[in-house]
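Q: Give me the fold of what follows.
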Amino acid sequence: MLRSPLALAKPSLSCLIKANLLSSYIEVGQSLIEFGQSLIEFGQSLIEFGQPLIEFGQSLIEFGQSLIEFGQSLIEFG
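A: Predicted coordinates:
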């Protein structure tokens, strides 16, 4: 029994779509990690300016850490 070329191409197309989706998750995850790290560094630099900016800096650090965790989970999900 011969299979049509289209039937043979479907698994390959499915694999290609999954590979592209995985690549997208990894890229987004890595970008979030980098952005999160930048927010942490910025937040730490704000803390050095004194009390008014300490809370804001700490908030940025916490947000940056959340982005890093989210980015890592996207990479692991992929």
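Q: for the protein, what spans make up the strands?
A: Here the chain has no strands by DSSP state E.
Q: Pick out the residue closest to the middle of it.
A: residue 29 (1.5 Å; CA atoms, centre = their mean).
Q: Quick check, that one in contact with residue 69.
A: No - using CB atoms under 8 Å, residue 29 makes no contact with residue 69, being 10.3 Å away. C-beta coordinates here come from the backbone N, C-alpha and C atoms, glycine included.
Q: So what's the residue count around residue 27?
A: Look at residue 27: counted by other CB atoms under 10 Å, it has 13 neighbours.
Q: Then residue 70?
A: Here the number of neighbours of residue 70 (other CB under 10 Å) works out to 15.
Q: Verify the contact between it and residue 32 for me.
A: Yes - contact criterion CB under 8 Å: residue 70 and residue 32 qualify, at 5.7 Å.
Q: Quick one: low-confidence residue ranges for the protein.
A: By pLDDT under 70, the low-scoring segments of the chain are 1-11, 13-17, 19, 78.
Q: Tell me where it has helices.
A: Counting by DSSP state H, residue ranges of the helices within the chain are 5-47, 51-77.
Q: Name the stretch among those helices that sits most buried.
A: The highest average neighbour count among the helices of the chain, using mean count of other CB atoms under 10 Å, belongs to helix 51-77 at a mean of 15.
Q: What helices and strands are in contact with that helix?
A: helix 5-47 (3 or more CB pairs under 8 Å, 6 or more residues apart in numbering; DSSP states H and E).
Q: if I pick residue 20, what's in contact with it?
A: Going by CB atoms under 8 Å, 6 or more residues apart in numbering, residue 20 touches no other residue.
Q: what's the distance between residue 57 and residue 28?
A: 26 Å (CB to CB, to the nearest Å).
Q: Same check on residue 53?
A: Per CB to CB, residue 53 is found 30 Å from residue 28.
Q: now do residue 75
A: To residue 28, residue 75 is 9 Å away according to CB to CB.
Q: Can you list the neighbours in contact with stretch 67-78?
A: Contact partners of stretch 67-78, identified using CB under 8 Å, 6+ apart, comprise 21-26, 28-33, 35-37, 39-40.
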